[in-house]
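>>> Could you work out the structure for the sequence below:
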Amino acid sequence: MPPFPSAEPISTTPMSAADPVFIDTNVLVYAAWAVAPLHQQARASLAAHHAAGTPLVISRQVIREFLAMLNRPTSGISLKTLIAEVHAFEAAMHVYDETAATTRMLLTLLPQAAGVRVHDVNIVATMQVYDVRYILTNNPDDFHPFAHLITIIPLV
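Numbering: from 1, shown residues only. Next comes the predicted model:
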């Protein structure tokens with residue numbers, strides 16, 4: 001399945017097309033899993049950003065989370081298909097590595113994140129290290145404590 005079906009470009013986005021958008025794991029899961037309740041919305045949003053020329057970015061953490069969520073018998077998606085999806089992500093998106101700078105930023109941000117999962121704080125840390133200001137997610141509350149650092153784009 002191609003990662004981006006054809007769609008109209010985004011017309012109401014608060015950023016320029018040159019601003020990269022970090023794609024949260026849940027968006028990729030919905031886009032890849034045909035029975036997901038937000039499958040069409042996720043695919044349309046990714047396609048619109050892609051058509052607008054927006055650089056889409058993920059991290060190695062997102063790849064691991066994607067595989068962990070869908071590499072289960074209940075997903076109905078074969079491992080071969082999941083691996084192909086990851087290769088498609090790598091071809092279509094910038095994939096950021098986690099570095100020592102990411103860990104330092106994570107440790108700096110953690111005190112600001114009471115009740116927020118470490119994985120979500122690590123995404124914000126990665127965004128900060130790589131100077132990404134926008135995140136597309138279906139879980140905006142997970143990133144709300146960092147609204148002063150990033151702009152949250154809700155999937156729906």
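
>>> backbone phi and psi for Ser59, please?
phi -120, psi 170 (degrees, to the nearest 10).

>>> Which of the three states applies to Thr81?
Look at Thr81: counting by DSSP: H, G, I helix; E, B strand; the rest coil, its state is helix.

>>> who's in contact with Ala113?
Asp120, Val121, Pro145, Phe146 (Cβ atoms under 8 Å, 6 or more residues apart in numbering). C-beta here means a position set from N, CA and C on the backbone, and glycine is covered the same way.

>>> The closest residue to Phe146 other than its chain neighbours and His49, how far apart?
In this structure, Phe146 finds its nearest non-sequential neighbour in Val124, 4.7 Å apart by Cβ to Cβ, 6 or more residues apart in numbering. The gap separating Val124 from His49 is 19 Å, by Cβ to Cβ, to the nearest Å.

>>> cool, and Ile150?
Ile150 is 16 Å from His49, by Cβ to Cβ.

>>> re earlier: now that the residue nearest to Phe146 has come up, it's in contact with Leu109, right?
Yes: under the criterion of Cβ atoms under 8 Å, Val124 makes contact with Leu109 at 5.9 Å.

>>> So between the two, which is more surrounded?
Val124 (24 against 19; other Cβ atoms under 10 Å).

>>> helix or strand for the more buried one, which one?
Assigned by DSSP states H and E, Val124 belongs to helix 118-129.

>>> Need the phi and psi values for Val57.
phi -130, psi 150.

>>> need the contact list for it.
Here Val57 is in contact with Pro20, Val21, Phe22, Ile23, Met93, His94, Val95, Tyr96, Tyr130, Val132 (criterion: Cβ under 8 Å, 6+ apart).

>>> what about burial for the residues you listed, which qualify?
Pro20, Val21, Phe22, Ile23, Met93, Tyr96, Tyr130, Val132 (16 or more other Cβ atoms under 10 Å).

>>> mind listing what the second one touches?
When you say that, I think you mean Val21. Taking Cβ under 8 Å, 6+ apart as the test, what Val21 contacts is Met15, His49, Thr54, Pro55, Leu56, Val57, Val132, Tyr134, Ile135, Leu136, Ile153.

>>> Could you report the neighbour count for Leu149?
Neighbours around Leu149, by other Cβ under 10 Å: 14.

>>> the helices in the protein, which residues?
Counting by DSSP state H, the segments of the chain that form helices are 25-32, 39-51, 60-70, 79-92, 100-109, 118-129, 140-143.
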